Each structure stands twice: as structure tokens, then as C-alpha cells.
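>>> sharing a sequence plus its predicted fold:
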Amino acid sequence: MHPLKLIATSAFGIESVVAQELTALGYSDLATENGRVTFPAGDRDIARCNLWLRAADRLLLRMAEFPTTDFEELFQGVKAIPWETIIPENGKMHVTGKSVRSKLFSVPDCQSVTKKAVVERMKMKYRRERFAEDGPVYTIEVGLLKDVATITVDTSGAGLHKRGYREERGQAPLRETLAAAIVQLSRWDPSRVMADPMCGSGTIAIEAALAGRNIAPGLRRKFVAETWPHLPAKTWNEAREEARDLATTEPLQILASDSDWQVFKSARANALNAGVADAITFQHKPLAEFSSKKKYGCVITNPPYGERMGDRAQAEALYREMGEVFGRLDSWSLFILSAHDEFERHYGKKSGKNRKLYNGRILCYLYQYRGPLPPRRREGSLAGEDAESGGGAPE
């Protein structure tokens, strides 16, 4: 098959994180737009990217992109796609759709036209009028934006945030993909201590441990494209074998604590499911008791937002307590995700920088209080000569 175009979708605000991940994986010629990063790849990269992408929501196979202002143009454009190269005779074809600022605004009609066009193309290949559609699933999306149609097929199945480890959940769980993005946006690396003193179901600590040990986040789950005949099992087996070889057992300094005993037990169970329980030190204790003698650590946390009226005052009291507790960590960096519109006022300090993110449909800000980076030895320096790491880490 000719080189493909893949699309890694993401929540708004973390497209650059996904692009950085793809660059680190060796991909180039990236095109970053709102909620997506498009890049050229091959069949084996469908397996590799599904396994390795930490902050992306889904991996889509882009089949075509063309202008369209009427249903006949849409029909002919979809029919021209060589569907027979990926969909077998018994493939189950499910069509979804969306339309934004386009003349073709009726999504159900666009879905119907797209499905009809795909079937007509399949008839040309298989010389039959009806298809059983009892085989592998192919979720086709017709996306219309400003009268341009983008036709994709989902390769992931369940969203990439479903790593397979989180069987137990806190009251307001943070998506794994967003937790991974926040970890990457911080300046944390495995040589430093990291803490989440309001860990909830443990997602931030677990995602940090997976990244710190270079464990592919999709290693413990399956993907819909694994059922596609044109992607042999060998491709997936090789991608998983490569991922296992690249994982480490590096000791990490990750602390996770919570005052809620039931939630705390869930966090430990989730870490065990993820295979990183030995990388995280769990403690059942309230925020007020959190402290550390370590220097240059990093707090990454997602405290309650106080969305319900009865919880708002309680959340605000918690933010004031956070200001007091974290204020004692003079060399630490702090990254706090909150949807509260007056978080900084209650916390007692304005952040050096904040970043707009979405936790599901909830608009949040990642408040960033950056402390100094730890000293590091200058390459080639004499023994005992340490130098401060110059400047800040990349954003």
C-alpha cells in the first residue's frame, strides 16, 4: 500500500504535546491543527503509534480529503477511495459524521451518502449487491469543515485513554491522556522526585511512572485495527516486542497520597494493574501532612474543582490549604489543574504561567509555578564542579 496519512487526534490545548511525542518517535512533516496532528506513515506505524502515543485521543487513517458543496460531489469523492484495499468482503462498516461551517450541514444525510458510496465501491470489487457485514469493524467518519470533506477510518477502537489499568475510579477521574500530557508539560524527569498529594485514582502518578520507565501506554490493551486482515498479526507482535524491549525497570521517586481511604485503595489497585506499583510510594494521609526534605521536586496534581454548589466553599478552603502546604516547598515546581475561576486568589499566589486545557468538556487551566531546575554537572567539567542548568526547560 502507498504511504499513508495518519491523524492523531487530541483534546484542545495539547496538540503540541502530541506533536512532540510524534517527533520523539521519529516522525516528521507534521501538520498541527486544532485537535489533531497529521503525518505521513506506513502500515506498521498504525500499530506503533497506537501503542506509544500517550496524550492522543485516537489514531485515524486518513483516506481522502476533497472540497464538496453538494451530495453528488461527496458521493463521487467517497466512491473514488479504494476501500477494497482495507475493507474485506464481510467488513462491518459504521459511518459517523460531523459538519462545521459547511453547506452540507445535515450530518445524518452525509453519513447516509458516505455509506452508500462505500458500498457502491465495494460492489465494483466483489461483484455482489449485498454484504453480510459480520466481520471486522471499520468506523468511517465523514468530517466536513468549511466545505472540505475529510474521510477517515478509526484504527484505535476504544479511545486511547483506555489503557486497561483503571478498573477502580475516583469521584471525578482525570483522563489518562490528559494526565500524561500534564506530566509532559511539567519539567519532571525520572531523576527528580514527583508528588501528587491529592492523587485520587492515581492517574497522574501512574502515567508519570509509565513515562519514567518508557513503558508504552497501550501495551496492555487491544485495538480495532488488530482485527483487520491487511494488517497481519506479525505487525502487531513485532511492535509489542519492540515496546517490551524498550521498557526499563528504572527506580523512580514518585509519591502519591490521598485523604480518602477508598479512593486511596483504588489508586494502589490501578498501579498494580498498570505494572508500576513498585515505582510509586503510596501513603494514606491528608494534604496538611504532606512534606518533603527532597529538593527540586515537582508537584503535579488535579484537586477537586468544587463544581457543585455545596462543594465550592470546601474546594476554596482546600486551595488555601494548598497555598500554605506548597509554600514550604521552596525549590519545587508546581503544576495544578483547576476549573475554578478564582483558583489563584484562593491559593494566594499568581502563577507564572497558565495553560488552557479541557478535562472532558470542562474548561480548566494548568497553573504553573516553576521553581529552579536542579544543578547538573557540566559535561567535561572537573570532578566536584557543578553547574546550574542554564535557562529553563523547553515549554
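All right, it came through fine. Numbering: from 1, shown residues only.
>>> and the helices in this protein, which stretches?
Ranges of helices in the chain, per DSSP state H, are 15-24, 43-52, 71-79, 107-126, 176-185, 203-212, 233-246, 261-274, 309-326, 343-347.
>>> now the last one: buried residues?
If I follow you right, that is helix 343-347. 343-344, 346-347 (16 or more other C-beta atoms under 10 Å). From N, CA and C alone the C-beta is placed, and that goes for glycine too.
>>> would you list the helices of the chain in a markdown table and tack on mean pLDDT and distance to R163?
Listed next are the helices of the chain as a markdown table, based on pLDDT from 0 to 100; distance: least, C-beta to C-beta, whole Å:
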| stretch | mean pLDDT | distance to R163 |
| --- | --- | --- |
| helix 15-24 | 98 | 15 |
| helix 43-52 | 97 | 11 |
| helix 71-79 | 98 | 33 |
| helix 107-126 | 96 | 30 |
| helix 176-185 | 97 | 5 |
| helix 203-212 | 98 | 8 |
| helix 233-246 | 97 | 13 |
| helix 261-274 | 92 | 7 |
| helix 309-326 | 88 | 28 |
| helix 343-347 | 97 | 28 |
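>>> neighbours of A209, how many?
26 (other C-beta atoms under 10 Å).
>>> check contacts around it.
Contact analysis of A209 by C-beta atoms under 8 Å, 6 or more residues apart in numbering lists 215, 252, 254, 271, 274, 276, 279-280.
>>> on that earlier part again, tell me which of the helices of the chain lies nearest to A288.
Closest approach to A288 among the helices of the chain (C-beta to C-beta): helix 309-326, 6.4 Å.
>>> mind listing what's buried along that closest one?
For helix 309-326, by 16+ other C-beta under 10 Å, it's 315-316, 318-319, 321-322, 325-326.
>>> can you redo those as a markdown table with distance to D45?
Converted to a markdown table, the buried residues of helix 309-326 look like this (distance: C-beta to C-beta, whole Å):
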| residue | distance to D45 |
| --- | --- |
| A315 | 43 |
| E316 | 47 |
| L318 | 44 |
| Y319 | 43 |
| E321 | 47 |
| M322 | 42 |
| V325 | 45 |
| F326 | 41 |
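>>> just name the closest of those residues to A19, please.
Among the buried residues of helix 309-326, and counting by C-beta to C-beta, the member closest to A19 is F326, at 30.7 Å.
>>> rewinding a little: save the buried residues of helix 343-347 as JSON lines, and put in distance to V153 too.
As requested, the buried residues of helix 343-347 are arranged in JSON lines below (distance: C-beta to C-beta, whole Å):
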{"residue": "F343", "distance to V153": "41"}
{"residue": "E344", "distance to V153": "44"}
{"residue": "H346", "distance to V153": "46"}
{"residue": "Y347", "distance to V153": "45"}
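>>> tell me which of the helices of the chain is the most buried.
Highest mean neighbour count of the helices of the chain: helix 203-212, a mean of 28 (counted as mean count of other C-beta atoms under 10 Å).
>>> could you dump that one to CSV, C-alpha only?
Presented in CSV, the C-alpha positions along helix 203-212 are these (Å, rounded to 0.1, in the frame of the first residue of the first chain):
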residue,chain,number,x,y,z
THR,A,203,-3.8,8.5,37.3
ILE,A,204,-1.1,11.2,37.3
ALA,A,205,1.3,9.2,39.3
ILE,A,206,0.7,6.1,37.2
GLU,A,207,1.2,8.0,33.9
ALA,A,208,4.4,9.5,35.3
ALA,A,209,5.6,6.0,36.2
LEU,A,210,4.8,4.7,32.7
ALA,A,211,6.6,7.5,31.1
GLY,A,212,9.5,7.4,33.5
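>>> that one vs helix 261-274, what angle?
For helix 203-212 against helix 261-274, the angle by axes from the mean of the first three to the mean of the last three C-alpha atoms, to 10 degrees is 20 degrees.
>>> tally of neighbours for N354?
Neighbours around N354, by other C-beta under 10 Å: 18.
>>> now for the closest residue to it other than its chain neighbours: which residues touch it?
The shortest distance from N354 to any non-neighbouring residue, by C-beta to C-beta, 6 or more residues apart in numbering, is to Y365 (4.5 Å). Shown in contact with Y365 (C-beta under 8 Å, 6+ apart): 337-339, 343, 354-357.
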